[in-house]
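Novice: here's my sequence, what's the structure:
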Amino acid sequence: MYILAIAVITLAIHNVDCVCNKDTGPVGISECIQTSSYGNGYQWQTCVSDAYIKVITNGRQGCDGSKAFCYYPCMADKFQKTNGSIVEECSCKPGEMLQSKNMTLPLRCYNPSGVDCSWYAECLEKEFPCTGDKDDYGIAFAHKYCAKFGDRYSKFGKEGQKWIDLSRKCLQEKLVPLLYSTTPPSCNYVKEFAFKSHIPCYLQPSQQVPEVSVCKLGALDFFKLFWTLKETLVSSVDISVSVITSFFKILRDC
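Specialist: Residues are numbered from 1 along each chain as shown. Modelled structure (predicted):
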């Protein structure tokens, strides 16, 4: 089912001049492309990362095969429609000039690995500087959290390590859509947006590996997780409360 959902987006595209390279993008460039699943109509399709599509569709769609970047139809992106008629906002005419959005971050920012904790400083913080703000999430908490689990990685069992790998990747991927924002969000919005992803990323960090969950960790790994989280609590009362609240909600959902 997952592969079929991807095919709906990727195989229905015609006459594409490959401006959007599968390995290098560039992210943000748009082209007027004809698609059979939309009645052979033309619409703007934007070069986005595989991570972006997977996040906004909850893993139901993504770039085809091993592509890191691909075109994504306006109708799917803005209206969650994978077929049917094309509305005026998305419609275009063959030969219209390319539209482009200025995306200045390194390509790796749009397809985070989860392993590289510098993503929070070099991608999230660079795009939305919040260091020193009472709602600082990226540096005050997320980078510290990511690095702490990296430092203690070898102390976890195999299942715990697998959970760490997938949950750290999930937490970064969930923030990728923010990098596409046309209007910079506030630090408070970034923080709230990020913490909403914590519980789902803990409970099921990967749609493709559903058996990995914080609920299935052994007692020893779960205890290590608790103490690692405890040590990442920061001076910000709001962020500390969010961390504690998320943890107890996870316990409830398990």
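Novice: state the pLDDT value of the residue in the chain sticking out farthest from the centre.
Specialist: Relative to the centre of the chain, and counting by Cα atoms, centre = their mean, the farthest-placed residue is residue 95 at 32.1 Å. In this model, residue 95 is scored at 80, pLDDT.
Novice: equivalent analysis for the one 4 residues further on, please.
Specialist: Reported pLDDT at residue 99 in the predicted model: 62.
Novice: show me what contacts residue 198?
Specialist: By Cβ atoms under 8 Å, 6 or more residues apart in numbering, the contact list for residue 198 reads 171, 246. In short, each C-beta sits where N, CA and C put it, glycine included.
Novice: if we can go back for a sec, hang on, the residue farthest from the centre of the chain packs against residue 32?
Specialist: Yes - under the criterion of Cβ atoms under 8 Å, residue 95 makes contact with residue 32 at 7.4 Å.
Novice: do a quick rundown of the helices in the stretch 51-200 of the chain.
Specialist: Under the criterion DSSP state H, counting those that start in this stretch, helices of the stretch 51-200 of the chain are mapped to 74-79, 119, 125-127, 144-151, 158-173, 187-203.
Novice: distance from the chain centre to the longest one, please.
Specialist: Averaged C-alpha coordinates place helix 187-203 at 11 Å from its chain's average position (Cα atoms, centre = their mean, to the nearest Å).
Novice: just the buried residues of that helix, please?
Specialist: Neighbour-count burial for helix 187-203, counted by 16 or more other Cβ atoms under 10 Å, picks out 187, 190-191, 194-195, 197-203.
Novice: what's the following helix or strand after that helix?
Specialist: The helix or strand immediately downstream of helix 187-203 is helix 219-231, counting by DSSP states H and E.
Novice: hang on, the earlier thing: can you put the buried residues of helix 187-203 in a markdown table and add distance to residue 243?
Specialist: Shown next, in a markdown table, are those (distance: Cβ to Cβ, whole Å):
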| residue | distance to residue 243 |
| --- | --- |
| 187 | 17 |
| 190 | 16 |
| 191 | 11 |
| 194 | 11 |
| 195 | 8 |
| 197 | 13 |
| 198 | 8 |
| 199 | 11 |
| 200 | 16 |
| 201 | 13 |
| 202 | 11 |
| 203 | 16 |
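Novice: got JSON lines for the residues you listed, with pLDDT too?
Specialist: Putting the buried residues of helix 187-203 into JSON lines (pLDDT from 0 to 100) gives the following:
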{"residue": "187", "pLDDT": "92"}
{"residue": "190", "pLDDT": "92"}
{"residue": "191", "pLDDT": "89"}
{"residue": "194", "pLDDT": "90"}
{"residue": "195", "pLDDT": "87"}
{"residue": "197", "pLDDT": "89"}
{"residue": "198", "pLDDT": "89"}
{"residue": "199", "pLDDT": "89"}
{"residue": "200", "pLDDT": "92"}
{"residue": "201", "pLDDT": "93"}
{"residue": "202", "pLDDT": "92"}
{"residue": "203", "pLDDT": "93"}
